[in-house]
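Enquirer: quick check, what structure comes out for this input:
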Amino acid sequence: MSENKIKCPNCGNEFPIDEVLNHQAEEKFKKEFEEKLRNSNLEILKQKESFALQQKEFEEKKKNENELFQKRLEQKLEEEKIKITQEQEEKLKEEYESNYKKLQEENIQRKEQNQTLKNEKLTLLKKEEQLEEDKKNFELKMQEEKKALKEELEGKLKKQFYEENELKAKEKDLQIESMKKVIDELKRKSEQGSMQLQGEAQEIALEALLKEAFPFDLIEEVGKGSKGADCIQTVRNNFGQVCGKIIYESKRTQAFSNEWVEKLKIDMRAQNADIGIIVTQKMPKEMEQFGDRNGIWICSYNEVRAVSHVLRCTVLKVFAVAKSQENKGDKMNLMYDYLTSNEFNEQWKAIREGFLSMKHSIDNERSAMEKLWKSREKQLEKILLNASHISGSVEGIAGTDSIDIRLIEE
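Expert: Residues are numbered from 1 along each chain as shown. Have a look, this model is predicted:
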């Protein structure tokens, strides 16, 4: 940390404040001392002149006095002069020491105050650095969150843009086809933003989506003007068996109507369908996402793929459970007859005989191998015993000489 400095107005150099204050104090005291010393010398000179004048007058008046008196007088004057000079010097010295001591105390106080200020400034700087670091961390965190939110929003916008473009492409195809038939009517509908045209575009897109997602199911379009739902999905399993039906009602309006639910229930009964789904642009007020209402599933166009997958799996599971319960009593009787039949008895006997034969063969092989192992173990012990006798004899003859004839490690 840089010390507090002051700049000279004449030369432009910078000096520490403590040094400047000490220097100024010393200069001030030095000037005051020199001034007092100069005044003291002037007073001494005046006194000398006065004494000289008095001496001269005294000499003129007392020419006839003896030299001894004159010497004593001069000595006395000199002593007085020295005495006065010493007293003045001591007085000045005491004042100097007193002032110097005061300046030292003031200097110590200023240093302590400067140290306190430095400590406080250091603390403030540390706090500023901490605040700056916290600010940078906060800004970094905000940038990361902003980036993540931006990426999420971009993903949603891209997805929405793709789906909207897909619907718009279907609308455009339908518009081109309708334009060939009735050009004037299409212009009028295009200018008014025909809701019927938008609904038909969503119906076509829905059928294409279901055909793409479930290529093995039968996706049927209900003809225009016919009563019933807009689309019927006949669910088939891996064996091509019909497991159930799901009907779809497509709505692309600015408001949701509760009458659609009751109408689709009637259509379900008429078509003998298992599940009904309403695909709508505008969800009910109390529903933010897909859900069930009075036995009818309601979802948006963006959610219909996932919802249809889940509900189709439900239809397949229900069909499988129902199929497993068919002719349950007849199957149990057939199973009992098979288990008590001569065919099952003979097959099981063959399995048991094969198992016992294999077990007997393994036991015989185990007994033979154990006998062989026991024989080889005895031979090995005999070899090791004779080898140890030979090794002992060799060591007794060789003494300290190292001759290693061991078969195995100790």
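
Enquirer: lowest mean pLDDT among the helices and strands of the chain, which one is it?
Expert: helix 183-192 (a mean of 57; mean pLDDT, DSSP states H and E).

Enquirer: so what secondary structure elements neighbour whichever helix or strand comes after that one?
Expert: Where DSSP states H and E defines the elements, the next helix or strand beyond helix 183-192 is helix 195-213. With contacts defined as 3 or more C-beta pairs under 8 Å, 6 or more residues apart in numbering; DSSP states H and E, helix 195-213 has these neighbours: helix 67-181, strand 218-221, strand 231-236, strand 242-251, helix 304-325. Placement of C-beta: from N, CA and C, glycine included.

Enquirer: what's the closest of those to Lys36?
Expert: Nearest of the helices and strands packed on helix 195-213 to Lys36, taken as C-beta to C-beta: helix 67-181 at 5.7 Å.

Enquirer: could you list the domains of this protein?
Expert: Split into domains by automatic domain parsing, the chain comes to 16-122, 219-325.

Enquirer: deepest-packed of the ones you listed, please.
Expert: Mean neighbour count (mean count of other C-beta atoms under 10 Å) peaks for domain 219-325 among these, with a mean of 16.

Enquirer: show the end-to-end separation of it, please.
Expert: For domain 219-325, the first-to-last residue distance is 28 Å (C-alpha to C-alpha, to the nearest Å).

Enquirer: low pLDDT regions in the stretch 1-150 of the chain?
Expert: Within the stretch 1-150 of the chain, the segments meeting pLDDT under 70 span 1-9, 15, 17, 19-21, 58, 62, 64-67, 69-70, 73.

Enquirer: quick one on the thing from earlier: turn the helices and strands packed on helix 195-213 into TSV, columns for distance to Ser375.
Expert: As requested, the helices and strands packed on helix 195-213 are arranged in TSV below (distance: least, C-beta to C-beta, whole Å):
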stretch	distance to Ser375
helix 67-181	78
strand 218-221	78
strand 231-236	71
strand 242-251	70
helix 304-325	62
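
Enquirer: can you tell me the centre-most residue of the protein?
Expert: When C-alpha atoms, centre = their mean is applied to the chain, the residue found nearest the centroid is Lys141 (8.4 Å).

Enquirer: between the helices and strands packed on helix 195-213, which gets nearest to Glu395?
Expert: Closest of the helices and strands packed on helix 195-213 to Glu395 is helix 67-181, at 80.3 Å (criterion: C-beta to C-beta).

Enquirer: for the closest one, what is the distance to the chain centroid?
Expert: Distance, stretch centre to chain centre, for helix 67-181: 32 Å (C-alpha atoms, centre = their mean, to the nearest Å).

Enquirer: name the helices or strands packed onto that helix?
Expert: Other helices and strands packing on helix 67-181, by 3+ C-beta pairs under 8 Å, 6+ apart, are helix 17-61, helix 183-192, helix 195-213.

Enquirer: JSON lines for those helices, including distance to Glu249?
Expert: Putting the helices and strands packed on helix 67-181 into JSON lines (distance: least, C-beta to C-beta, whole Å) gives the following:
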{"stretch": "helix 17-61", "distance to Glu249": "88"}
{"stretch": "helix 183-192", "distance to Glu249": "22"}
{"stretch": "helix 195-213", "distance to Glu249": "10"}
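
Enquirer: mind checking which of the ones you listed is nearest Val307?
Expert: Val307 lies closest, by C-beta to C-beta, to one member of these: helix 195-213, at 11.1 Å.

Enquirer: contacts for that closest one next, please.
Expert: The contact list for helix 195-213 (C-beta atoms under 8 Å, 6 or more residues apart in numbering) reads 166-168, 170-171, 173-175, 178, 189, 217, 219, 221, 230-231, 233, 248, 250-253, 279, 281, 301, 304-305, 308-309.
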